[in-house]
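Q: Pasting the sequence and the predicted coordinates here, then a few questions.
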Amino acid sequence: MNLKYLSAAFAFGLSCAPSWAAPSADMQAVLDKFGALDVKPLHSLDVPKARMQASPADAAKAVQWEKRIPSAPESQIATKDIAIPTDAGALPARLYIPEGEGPFPVIVYFHGGGWVIADINVYDGTPRALTSGTKAITVSVEYRHAPEFKFPAAHDDAWAAYQWIVENAHEFNGDSTRIAVAGESAGANLAANVAIMARDNKATMPLHQLLVYPIAGHDMNTPSYKENADAKPLGRADMEWFLKHVFASPKETADTRISLLGQQSLADLPPATVILAEIDPLRSEGEAYAAALKAAEVDTNARVFTGVTHEFFGMGKVVAAADEAMTMATSDLNQAFATQSK
């Protein structure tokens, strides 16, 4: 980890959570259901089996069903599947479309899954909630997965998709002058990289970046890695499993596209919302990245949500902290879109 940014983390008062934090009651209910689905640790499986088993999103949906919690209004969001052409081939994507006349703001969203598992179907809850809360079109972008396509395939796809969306947003009633990027975990790393590449290539800049527990470093000896080595649904061994499949060599994790804390400069990037989970190996690097953005004078709204784990963000129907985090995210996005409209 870059020592300059680590010092910045302490300077900005981003403290580490206590060891062995207990999940909130509603988070524990999801974890209990996750365990009841007979889910095996990722690091104990081969890739095909890991891709086939139930996800934390499945567990949250099961809790929602058991509690008879309505799926509206998010379930009423219209969707349309499209293909984004790139030099490497077409990328599947899904538009989440609000009611109204438009043209609408656009959120380019990248799902999580360690660049190995999951897809736009697994990560359906977040783009629905983002569109519901912002009245923006959310474009959920699929990208090539490892180990079939190793690093930097997903990063290349994310940048190609963003460029295409900027150039073609008008075709689906979107307004590319009001565009944001968003992502969770590995997808948050992709979103952060898109913002950096837009700056470096003097391309259309996103107005805002929503980063939910981003992969931002390559140090597995941070306080949160030590505290949450055996956390569910993501522990240290699971992260090691992801990295083994994504990179041709462990040395590649030091690449500044992965270790964002090693970037030469974070200045002149869009305002950021950084949402982190207390019970998550990635918390410390997320705290450090938020502090580094602030040190670079990037307007940054960062918060660690207590009592929740990695993957909590899309669980707003059943986890109170997730609903609060989504409100934080959509409020910041709405402010960014409104400022551009003036």
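A: Nice, thanks for sending it over.

Q: just so I have it, where are all the strands in the stretch 101-250 of the chain?
A: 104-110, 137-141, 174-184, 208-212 (DSSP state E, counting those that start in this stretch).

Q: and those strands as TSV, adding mean neighbour count and mean pLDDT?
A: In short, each C-beta sits where N, CA and C put it, glycine included. Converted to TSV, the strands of the stretch 101-250 of the chain look like this (neighbours: other Cβ atoms under 10 Å; pLDDT from 0 to 100):
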stretch	mean neighbour count	mean pLDDT
strand 104-110	28	98
strand 137-141	28	98
strand 174-184	24	98
strand 208-212	29	99
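
Q: Which one of those lies nearest to residue 37?
A: For these, the distance to residue 37 is smallest for strand 174-184, at 20.3 Å, taking Cβ to Cβ.

Q: which non-adjacent residue is nearest residue 266?
A: residue 296 (3.9 Å; Cβ to Cβ, 6 or more residues apart in numbering).

Q: Residue 163 now?
A: Nearest to residue 163 is residue 203, by Cβ to Cβ, 6+ apart, at 6.9 Å.

Q: residues touching the one you found, list them.
A: Contacts for residue 203 (Cβ atoms under 8 Å, 6 or more residues apart in numbering) come out as 163, 166, 197.

Q: ok, back up a step: ok, which of the strands of the stretch 101-250 of the chain comes nearest residue 264?
A: Of the strands of the stretch 101-250 of the chain, nearest to residue 264 by Cβ to Cβ is strand 208-212, at 18.2 Å.

Q: what's that closest one packed up against?
A: Under the contact definition 3 or more Cβ pairs under 8 Å, 6 or more residues apart in numbering; DSSP states H and E, strand 208-212 sits against strand 174-184, helix 186-200, strand 272-279, helix 320-341.

Q: Can you give the distance of the third one from its chain's centre?
A: Between the mean C-alpha location of strand 272-279 and the chain-wide mean there is a distance of 10 Å, by Cα atoms, centre = their mean, to the nearest Å.

Q: Residue 42: which of the contacts of residue 203 is nearest?
A: residue 197 (29.1 Å).

Q: could I get the contacts of residue 203 as CSV with pLDDT, neighbour count and distance to residue 73?
A: Output for the contacts of residue 203, formatted as CSV (pLDDT from 0 to 100; neighbours: other Cβ atoms under 10 Å; distance: Cβ to Cβ, whole Å):
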residue, pLDDT, neighbour count, distance to residue 73
163, 98, 18, 32
166, 98, 19, 29
197, 98, 16, 34
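
Q: Thank you kindly, that will do.
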